[in-house]
Structures are given as C-alpha cells and as structure tokens.
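Asker: Need coordinates for the following:
(one chain, ligands or ions: 1)
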Amino acid sequence: MNKKIEWLENNEGMGLYVHIPFCTNICTYCDFSKMYYKKEWVDRYLEALKKEIQQYAIDVPITTVYIGGGTPSSLTTEQLQTLLQMLQVYTNNVLEYTIEVNPESMTCEKLQLFKAYGINRLSIGVQTFNEKILKKIGRQHCNQEVFRLIYQAQEIGINTISIDLMYNLPLQTKEDILKDLQIVETLPITHLSYYSLILEEHTMLYNEHFEGMNEQEEYTMTEMIREKLGQIGFHRYEISNFEKNGHPSLHNSIYWLNQHYYGFGLGAHGYLQNIRYSNTKQLSAYLRGEFLLCEETINQTESMFEALMLGLRLANGISLSLFKQRYHIDLLAYYQERLQPFFDQGLLIIEENHLRPTSKGMDLLDFILLELVD
Ligand code: SF4
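Answerer: Numbering: from 1, shown residues only. A predicted model of the protein is given here:
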C-alpha cells in the first residue's frame, strides 16, 4: 500500500488545476488543448484566468495545486510571477504544488521564482533521451538541458522531480527504450510518467501515416519497462505512473480516487459537489469571459461506477469500507456479477480491505475497463 495515497483516501483531498495552453512549438503527436505562445494573448489570458478563479469564491482548503499545459514554462518570468501571485492565496498550505515545464524554456530565474512561491514539484516533459527521436516528434530540447534543469532544481531545493517519458515513438527501438531507462537510473528523480504514444487523428504524425506497435508488441514493451523500473526502485502505483521512495503524484491521485477538484483555464475540467464541468476550448470565448462549456450532474450510480473505473487504475485499489461509507452500498455485492470473471482469471484480488488489480491485472487493465464498460 502506498501510504500517501492511503492518507489521501482517508482525508478527502481537494485539487486545483490551472491550464496554461501556450507552447513555443507544437509537437507532432500532440492532441492537447494548446496554441502558439504570443505575449499579448498570454497577458489577456492571465487576466481572464483571474476573473474565472474569482468567480468560484473558493473557501475550502486546497490539498494540491497543479499548473499544467500546454507549456507553463513558455511564459516569461514576469507572466509566471503574475500567475503565481494570483494563486498564492490558495497555495499557502498545500501538500503538493506542481508545475509542468519543458527544459528549453527554463531558466535559473524561473526556478528561483517557483521556489519563492512554494512550488515543490516539477514535472518535466522529456519523452526520450534519444535526440534524433526528439527532433522527429518536434521537441526542442537536448539532453544537457534536461540534466542541467534537474540538478539546478535540486540545488535550489525543489527535490520532488517527475519526468514524462514515452514509448512507441517513431524510429524508437527496444534498445532506445533500454537506453532511456539506463539514463533514468542515474538521475535524482522521484517520479516517472511513462506513456505509450496514442496516435490521435489530426496530429502531424497521424497525417504522416505513422504506424506504431501492435497490441502484442506494446504489451511486451510495457512489461519490460515495468520490470526494469522495478529493478531500479520505481514502483508502479498507477497503470502508467511510477514512484520512488514514496513520492506518488498526490494531485493525480485525487482524480483516481474520484475526489473533487477545481479546473481553471482553457479546456480545463473540474469536479465539484458531484458536478463535472468542462471549460470552452475557444480562446476568443475564454477571453470574453465565457468560461464554461458544459456541466453534468453525476448521479450516485454513475459516481460509483466512476469510482470503480478510476480506482482500479491504482495499485492501492479501492477501499471497500470507504466505498460503503460514501455510497451506503457494498461494492462487491453490487458489482459481483461483473467482477467475478476477473477474480477467476487472477486479474483482481481483495487485499487489506481493498479491491485491487494484480500485477497481471494492471498490465491488462485496459481490457478489464473495457469489459466493465460493456
Ligand atoms: S509541449 Fe506539450 S502541449 Fe505543447 S505541443 Fe508539445 S506535447 Fe503538446
């Protein structure tokens, strides 16, 4: 059991997510809500963001703050300061305060600013340490910039560092992945998000007719990565996320535990008092103050099912007693018919009063979730 996630499970966290949709270049595989950096747009965006946040009149303690993108570090130091000042009132007592950064847009000045405003976790977009592949996917940094950033962050006192890596990239071989993992072993990082490239329509790679691994190859690669990471002390606590020395992402764990969070900014999502909401993805509408796109009330049946689907992503699984406390329903009895085949196949187990995937179940989680939805 991961102790931090267990704590969060018992203490009902509240997250706050802020989306910064600007990037200095567009990656060939990217399907996120983003656009090219333009100073004037960012200035106006920050003003609109302030208005959106004020509308919510937040009066509950915030557990985690996450500034994601896009590329938040593409903002100038002054713009970042405006953003961090805007959030300061909510961040004073947070347990985890993360910002996503890309190495090529980071400076010592920005790191010092982050430290001064209490940011205690960096999430660095690395994707691979193979510079040829980096170019192919449209990333602008080199390995030296990654290493420098990690060591500077450490010197300044931001010690919780996560990197994003990807597999199933164009030109990437098994040996490339093994080399990436060898480099990971030498770095003082505590967290790793490792995703297989999902080829989305309307991306440059899709238009180039790139074909990634087939299902079996991907499964074999996932297993190899998990095994290697395990050997170097990274524990898989979520299907695509690994932590070392007890440093899971608390903010993302709030999502997986089906707890509540504010979401601010272009295309952001939030979940408050059983209402899921999404913001507009149109910058012009957002700048006019038309923030909200839609909201949906989640009824108890839907909420229980979401708790099941999200909770199974975690190695910790779902607490049966907390589920009962929240919904006044016995999870195992309610879902018995649907879950039984997975118990029989050794993909799910009950342990320490939690329903959780076995290691094999974690590898086949997509299959389990798909079957459950059906
Ligand atoms: S930096 Fe991130 S958000 Fe921006 S284009 Fe690349 S993948 Fe997309």
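Asker: Give me the distance from stretch 354-363 to the chain's centre.
Answerer: Put simply, stretch 354-363 sits 20 Å off its chain's centre (CA atoms, centre = their mean, to the nearest Å).
Asker: can you pull the contacts of the closest residue in space to residue 352 that isn't next to it in sequence?
Answerer: Nearest in space to residue 352, with sequence neighbours left out and distances taken as CB to CB, 6 or more residues apart in numbering, is residue 1 at 6.3 Å. The way it works is simple: take the backbone N, C-alpha and C, and place the C-beta from them, glycine included. The neighbours of residue 1, taking CB atoms under 8 Å, 6 or more residues apart in numbering as the test, are 316, 352, 354.
Asker: Recalculate using a threshold of 10 Å.
Answerer: 9, 237, 315, 316, 317, 351, 352, 354, 356 (CB atoms under 10 Å, 6 or more residues apart in numbering).
Asker: Roughly how far does it sit from the ligand?
Answerer: For residue 1, the distance to the ligand (CB to the nearest ligand atom, to the nearest Å) stands at 33 Å.
Asker: Pop the domain breakdown of this protein in here.
Answerer: Here the domain parsing of the chain from automatic domain parsing is 3-254, 316-374.
Asker: Just put the ones you listed in JSON lines and tack on mean neighbour count, mean pLDDT and distance to the ligand.
Answerer: Below are the domains of the chain laid out as JSON lines (neighbours: other CB atoms under 10 Å; pLDDT from 0 to 100; distance: least, CB to the nearest ligand atom, whole Å):
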{"stretch": "domain 3-254", "mean neighbour count": "18", "mean pLDDT": "95", "distance to the ligand": "3"}
{"stretch": "domain 316-374", "mean neighbour count": "15", "mean pLDDT": "94", "distance to the ligand": "22"}
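Asker: So which residues of the stretch 151-300 of the chain form strands?
Answerer: Along the stretch 151-300 of the chain, the stretches classed as strands by DSSP state E, counting those that start in this stretch are 160-167, 191-196, 235-238, 241-243, 260-264, 269-272, 275-279, 292-297.
Asker: how distant is the fifth one from the center of its chain?
Answerer: Averaging C-alpha positions (CA atoms, centre = their mean) puts strand 260-264 14 Å from its chain's average.
Asker: Show the average pLDDT along it.
Answerer: If you average the pLDDT over strand 260-264, you get 98.
Asker: Counting by contacts, list what it packs against.
Answerer: Judged by 3 or more CB pairs under 10 Å, 6 or more residues apart in numbering; DSSP states H and E, the packing partners of strand 260-264 are strand 14-20, helix 39-55, strand 64-69, helix 77-91, helix 250-256, strand 269-272, strand 275-279.
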